[in-house]
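> Just to be clear, the model below is a prediction. Sequence and coordinates:
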Amino acid sequence: MDILAELASIINTAESKIYIDTIRATFYKKAIIQKTYTKMKLLNSIARKYGKKWLKLDKQTAKAVKIERRFEFRDYEIVNIYALSDLPIFYATLKSSGNEPQKALFEVYGLRQYNKTPPPKELIAELLGVINKFHLLTFV
């Protein structure tokens, strides 16, 4: 199922002139979705398939600081941030409390670009297929 195409058909972008710019989701990092694969292992294999790599960002870089500020108001405590090579796609590991399973926050932004090429829709669809549930769409 192509999640992006389904959303576009619901919104009917041709008539409404409303476009999706950002998709955000939280997920459990160690959730098993296939017999022996966690979501993180599948996200890594999809990145390799497209010749990309998840790169850990130094928390002092401008990009990491910008990402952390974006989530301050939600009281998320970000432990690590990983960006998918040079694309506007990242996930951040969140601090868990007690025995709660560790969550991660996934975000794809810049889907509606005016001066740059947006990230490949096939890659985004595969990544969202692994995450399976998302909770926020930002429109332009």
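The structure has been received and is ready for your questions.
> switch to C-alpha atoms for all contacts and neighbour counts from now on
Noted.
> Settle this for me: residue 27 is touching residue 105, isn't it.
Yes: applying CA atoms under 8 Å, one finds residue 27 in contact with residue 105, separated by 6.5 Å.
> Mind listing the strands the lengthiest strand in the chain pairs with, and their directions?
Here the longest strand in the chain is taken by residue count, with DSSP state E as the criterion, and it is strand 20-28. When pairs are called by DSSP bridges, strand 20-28 turns out to pair with strand 103-108 (antiparallel), strand 136-139 (antiparallel).
> weakest of these in terms of mean pLDDT?
Ranked by mean pLDDT, the strands paired with strand 20-28 bottom out at strand 136-139, with a mean of 54.
> Which residue comes closest to residue 68 once chain neighbours are left out?
The spatially closest residue to residue 68, leaving aside those adjacent along the chain, is residue 78, at 6.9 Å (CA to CA, 6 or more residues apart in numbering).
> What about the chain, which residue is the most distant from its middle?
Within the chain, the residue lying farthest from the chain centre (CA atoms, centre = their mean) is residue 15, at 27.2 Å.
> a helix runs through that residue, doesn't it?
Yes: checked against DSSP: H, G, I helix; E, B strand; the rest coil, residue 15 lies within a helix.
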